[in-house]
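Novice: I'd like to go over a predicted model; first the sequence, then the structure.
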Amino acid sequence: MEWIKVFAPATIGNIGPGFDVLGMAISGWGDVIQARKIDSGVLISEIRCEHELPSDADKNTAGIAALEVLKLLGENDGVELKISKGLPLGSGLGSSAASAAAAAFAVNHLYGEKLAREDLIPPATKAEEYVSGGFFVDNTAPCLLGGATLTRSKHPLEVSRIGHIEDLHIIIVTPDVVVLTREAREILPKTIPLEDFVKNMANACQISVAFARNDYDLLARSLNDVVIEPVRARLIPGYKGVKEDALKAGADGVAISGSGPTLFAITNRSSNRSTIIEDSLVRSFKKNDIQCKSLIAEMDMEGTRLID
Ligand code: HSE
């Protein structure tokens, strides 16, 4: 049987104040899955990853997503998967979502593309739920659809693609610290002051408008999370200083990507400040004896796709 190869991009969940509802796909990093039809079941025959991952299909996000899509399609035949993790685990870049999205997309493609991309969000999210402990689509939706997305409802699923900011440069820095989404959710407050709720809601709404209007300045003014970031910052050694340094280096905003520890800073493409901000972020973490990987990215408007 013929192999296909699928790429699924990294994603930034929350985009600052939009906890669990806003997300965007970014260019550059992602997971690759090769897949082919087999007679039955889901077989994970190869995993390339810096860390150990389960190869039992029902314990692996790619495997679970593949099983879910086969079920949705009513297929008795199966699929073999080879997983190549480009995204570090527990990084806040939607690593488990990317594997799940790639596998869901691959199975649907192999079996005649009977499902729309949107239909692949629930199976991919169910797979992600297995590792994160929560059913939220702010990684799986932008990963599958590309661009930025806003989720109004999970059951029934209602997700909108909200546009593109052409000028946006996103500087990503992933410190060598693992933060598990499950744990980063457990520390969140159960109640929040009304004033903070209003600030986050206003900023999240304006971020949607910024994407819809291709308005970089509005995004920059609105990238401020007063509810979740102050609590999660303590999971990232030196967060406050690193953020201050990046702002001094010219970033127009800095926030935690998803549940962290990856941070992202934004700048306007025409400012030519991306490399200076990237250096500042990396140097700042080094001051805290933490190594990191970094990347200057743009939005990925295509989402999960076939590659050669
Ligand atoms: N929105 C979720 C969170 C996952 O912040 O816990 C983001 O990757």
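Specialist: Sure thing, it's come through.

Novice: what's the distance between residue 199 and the ligand?
Specialist: Distance, residue 199 to the ligand, using CB to the nearest ligand atom, to the nearest Å: 17 Å. C-beta coordinates here come from the backbone N, C-alpha and C atoms, glycine included.

Novice: pretty sure that residue contacts residue 226?
Specialist: Yes: under the criterion of CB atoms under 8 Å, residue 199 lies in contact with residue 226, with a separation of 5.1 Å.

Novice: identify the contacts common to those two.
Specialist: With contacts defined as CB atoms under 8 Å, 6 or more residues apart in numbering, the residues adjacent to both residue 199 and residue 226 are residue 17.

Novice: now tell me what touches stretch 220-228 from outside.
Specialist: Contacts to stretch 220-228, defined as CB under 8 Å, 6+ apart, come from residues 14-17, 19, 188-189, 192, 196-197, 199-200, 202-204, 206-207, 210, 252-256, 266, 268.

Novice: from the residues you listed, list the buried ones, please.
Specialist: Among the contacts of stretch 220-228, those that count as buried by neighbour count (16 or more other CB atoms under 10 Å) are 14-17, 19, 196, 199-200, 203-204, 206-207, 210, 252-256, 266, 268.

Novice: tell me where the stretch 201-308 of the chain has strands.
Specialist: Counting by DSSP state E, counting those that start in this stretch, one finds strands in the stretch 201-308 of the chain at the ranges 253-256, 263-268, 292-297, 305-307.

Novice: check the average confidence over stretch 20-32, would you?
Specialist: pLDDT averaged over stretch 20-32 equals 97, rounded to a whole number.

Novice: is it anywhere near the ligand?
Specialist: Yes: contact of stretch 20-32 with the ligand is found when judged by CB under 6 Å from any ligand atom, involving residue 20.

Novice: likewise for stretch 147-161?
Specialist: No: residues of stretch 147-161 contacting the ligand under CB under 6 Å from any ligand atom: none, with a closest distance of 9.8 Å.

Novice: can you mark which positions in that stretch are buried?
Specialist: For stretch 147-161, a neighbour-count test (16+ other CB under 10 Å) marks 147, 148, 149, 150, 151, 154, 159, 161 as buried.

Novice: do stretch 293-300 as well
Specialist: Using 16+ other CB under 10 Å as the test for burial, stretch 293-300 gives 294, 295, 296, 297, 298, 299, 300.

Novice: what's the domain layout of this structure?
Specialist: Here the domain assignment for the chain is 4-163, 168-297, based on automatic domain parsing.

Novice: now the ones you listed in JSON lines, with distance to residue 306?
Specialist: Conversion of the domains of the chain to JSON lines gives the following (distance: least, CB to CB, whole Å):
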{"stretch": "domain 4-163", "distance to residue 306": "6"}
{"stretch": "domain 168-297", "distance to residue 306": "21"}
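
Novice: now, of those domains, which is deepest in the fold?
Specialist: With neighbours defined as mean count of other CB atoms under 10 Å, the domains of the chain peak in mean count at domain 4-163, which reaches a mean of 22.

Novice: any idea how far that domain is from the chain center?
Specialist: Distance of domain 4-163 from the chain centroid (CA atoms, centre = their mean, to the nearest Å) equals 10 Å.

Novice: against residue 27, how distant is residue 175?
Specialist: Distance from residue 175 to residue 27, counting by CB to CB, to the nearest Å: 21 Å.

Novice: now residue 156
Specialist: Taking CB to CB as the measure, residue 156 and residue 27 are separated by 31 Å.

Novice: quick one: least confident helix or strand in the protein?
Specialist: In the chain, the helix or strand scored least confidently by mean pLDDT, DSSP states H and E is helix 181-186, which has a mean of 90.

Novice: can that one be found next to the ligand?
Specialist: Yes: contact between helix 181-186 and the ligand, assessed by CB under 6 Å from any ligand atom, occurs at 181, 184, 185.

Novice: would you mind listing what in the stretch 201-308 of the chain touches the ligand?
Specialist: 258, 259.

Novice: pass me the low-pLDDT residue ranges in the stretch 201-308 of the chain, would you?
Specialist: Per-residue confidence of the stretch 201-308 of the chain (counting by pLDDT under 70) places no residue in a weak region.

Novice: nearest to the ligand: which residue in it?
Specialist: Per CB to the nearest ligand atom, residue 258 is where the stretch 201-308 of the chain lies closest to the ligand, at 2.5 Å.

Novice: for residue 16, see how far away that residue is.
Specialist: Computed as CB to CB, the residue 258 to residue 16 distance reads 11 Å.

Novice: one more: residue 273?
Specialist: Counting by CB to CB, the gap between residue 273 and residue 16 amounts to 19 Å.

Novice: with residue 167 instead?
Specialist: Taking CB to CB as the criterion, residue 167 is separated from residue 16 by 17 Å.
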